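Visitor: Following is a predicted model, sequence given first.
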Amino acid sequence: MHTTESIVHPAAEELELGAVLHALSDPVRLQIVAKLAQSDEADHTCGSFGLPVTKSTCTHHFKVLREAGVIQQRPQGTTRLNRLRRADLDARFPGLLDCVLKAAEHADVIAVDSEASLESVVAAAVAPGTADSPAVA
């Protein structure tokens, strides 16, 4: 007998800021989110990201993003298709996703620097004298 695991996603009103920030605090997960943000309407398989981590670590990263409500996953055959939940994130936390992605880009975090963290992304976002730094309202 073959059973299919149910994929659980939090409802938009259940998204928690701490969980979303934690999910975005890892450079590998930021890279995943950045790629999904470039094509909001497209689904991507887990293997299409070319991540520099093992398959089990990759699975963990997608699970953290899904459970935080950052991405939506749906099964297709033996794989899962992933899509960014931009509308839900923007409705619940206006400007957060754009701010984090812009800061990560400026700090070169999206290039997957293993020493990078959310703290460095936030520091880049609020650095004094940086005219292009995104502001958090």
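Guide: Okay, I see it.
Visitor: Just give me the longest helix of the protein.
Guide: Looking across the chain with DSSP state H, the single longest helix is helix 55-68.
Visitor: That one: which residues count as buried?
Guide: C58, H61, F62, V64, L65, R66, A68 (16 or more other C-beta atoms under 10 Å). Where C-beta positions appear, they are placed from N, C-alpha and C, glycine not excepted.
Visitor: Output that helix in PDB with nothing but the alpha carbons.
Guide: C-alpha atoms of helix 55-68 as PDB (Å, rounded to 0.1, in the frame of the first residue of the first chain):
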ATOM      1  CA  LYS A  55      19.800  16.300  -0.800                       C
ATOM      2  CA  SER A  56      18.700  15.800   2.800                       C
ATOM      3  CA  THR A  57      19.900  19.400   3.800                       C
ATOM      4  CA  CYS A  58      18.000  20.700   0.800                       C
ATOM      5  CA  THR A  59      14.900  18.900   1.900                       C
ATOM      6  CA  HIS A  60      15.300  20.500   5.400                       C
ATOM      7  CA  HIS A  61      15.600  24.000   3.900                       C
ATOM      8  CA  PHE A  62      12.400  23.600   1.900                       C
ATOM      9  CA  LYS A  63      10.600  22.200   4.900                       C
ATOM     10  CA  VAL A  64      11.600  25.300   7.000                       C
ATOM     11  CA  LEU A  65      10.400  27.600   4.300                       C
ATOM     12  CA  ARG A  66       7.100  25.800   3.900                       C
ATOM     13  CA  GLU A  67       6.400  25.500   7.600                       C
ATOM     14  CA  ALA A  68       7.000  29.200   8.000                       C
END
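Visitor: Pick out the residue closest to the middle of this protein.
Guide: Central residue of the chain (C-alpha atoms, centre = their mean): V33, 3.5 Å from the mean position.
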